[in-house]
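> have a look at this prediction, sequence included:
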Amino acid sequence: AQKITQTQPGMFVQEKEAVTLDCTYDTSDPSYGLFWYKQPSSGEMIFLIYQGSYDQQNATEGRYSLNFQKARKSANLVISASQLGDSAMYFCAMREPLYNQGGKLIFGQGTELSVKP
Amino acid sequence: DTGVSQDPRHKITKRGQNVTFRCDPISEHNRLYWYRQTLGQGPEFLTYFQNEAQLEKSRLLSDRFSAERPKGSFSTLEIQRTEQGDSAMYLCASSLVLPAGGPDTQYFGPGTRLTVL
């Protein structure tokens, strides 16, 4: 069965510093997609970044990058130059295999990030 | 380009009452997903539609829950005879799935927070 594990319930980072949020996953399928979402206190899930299992390079989107280590089954999110507005819950999610028409996301427990001024 | 919208944003009801939530996806998106999120947890998949067809339902979706997407546009999620355990955030997401494939990124609405007294 597919599973996502986020082992850090809470993280603190100083403003303007970089922070890494951990995510490990478990699947026996060779084809999958990994996503990171941000959920502020308002509740809306905001898409941040995507990594496909066949992608050769690590994904980057502005201040967000994904440290994808396929052999270790990890997909850590790196946020550079943290801002106060980055304080939120962060969820790692895995989509069902690409050959499966379902596409539902399986989420981890989340990591609450607090950025200190 | 408007995002996913959900209505209402908050709903308080008494145990045993029926409630209905609406989701309007991004206009060109052909897939629509419903998730449920309880406090301190990641979202859990409930059901999804491709156009107007409901293609998968989670075991979490008891007989009291029903979802529709009558014209392949907006969707409704109805909960009959609500129970206190139904209290949660109900999230809707939409995506565009193309025959050629792609990341199938799901974009979420702001959610409907249900409180059952």
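That came in fine, so what should we check first?

> okay, CA-based contacts and neighbour counts for the rest of this
Fine.

> now A:Gly85. Its backbone dihedrals?
phi -70, psi -10 (degrees, to the nearest 10).

> and B:Gly85, by the same measure?
Per degrees, to the nearest 10, the backbone of B:Gly85 is at phi -70, psi -10.

> would you map the strands across chain B?
B:5-7, B:10-13, B:19-24, B:31-37, B:44-50, B:53-57, B:65-68, B:75-79, B:88-95, B:107-108, B:112-116 (DSSP state E).

> can you check chain A too?
Going by DSSP E, chain A shows strands at A:3-5, A:10-14, A:19-21, A:24-26, A:33-39, A:46-52, A:60-61, A:64-69, A:74-79, A:88-95, A:105-107, A:111-116.

> mind putting those strands in a markdown table, mean pLDDT, mean neighbour count and distance to chain B included?
Converted to a markdown table, the strands of chain A look like this (pLDDT from 0 to 100; neighbours: other Cα atoms under 10 Å in any protein chain shown; distance: least, Cα to the nearest Cα, whole Å):
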| stretch | mean pLDDT | mean neighbour count | distance to chain B |
| --- | --- | --- | --- |
| strand A:3-5 | 94 | 18 | 10 |
| strand A:10-14 | 96 | 15 | 12 |
| strand A:19-21 | 98 | 20 | 15 |
| strand A:24-26 | 95 | 18 | 15 |
| strand A:33-39 | 96 | 23 | 7 |
| strand A:46-52 | 95 | 20 | 7 |
| strand A:60-61 | 96 | 14 | 14 |
| strand A:64-69 | 96 | 20 | 15 |
| strand A:74-79 | 98 | 21 | 16 |
| strand A:88-95 | 96 | 26 | 7 |
| strand A:105-107 | 95 | 22 | 5 |
| strand A:111-116 | 97 | 20 | 10 |
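
> low-scoring pLDDT stretches of chain B, where are they?
B:1, B:101 (pLDDT under 70).

> what residues are up against B:Tyr5?
That one is not Tyr; residue B:5 is Ser. B:Cys23, B:Asp24, B:Pro25, B:Gly109, B:Pro110 (Cα atoms under 8 Å, 6 or more residues apart in numbering or on different chains).

> before we move on, what about A:Lys3?
Counting by Cα under 8 Å, 6+ apart, A:Lys3 has contacts A:Tyr25, A:Asp26, A:Thr27, A:Met94, A:Ile106, A:Phe107, A:Gly108.

> run the last query once more with 7 Å
Listed by Cα atoms under 7 Å, 6 or more residues apart in numbering or on different chains, the contact set of A:Lys3 reads A:Tyr25, A:Asp26, A:Thr27.

> so the second one sits right up against A:Gln2, yeah?
Yes - with contact defined as Cα atoms under 7 Å, A:Asp26 reaches A:Gln2; the gap is 5.4 Å.

> that older thread, of the contacts of B:Ser5, buried ones?
Listed as buried from these are B:Cys23, B:Asp24, B:Pro25, B:Gly109, B:Pro110; burial here means 16 or more other Cα atoms under 10 Å in any protein chain shown.
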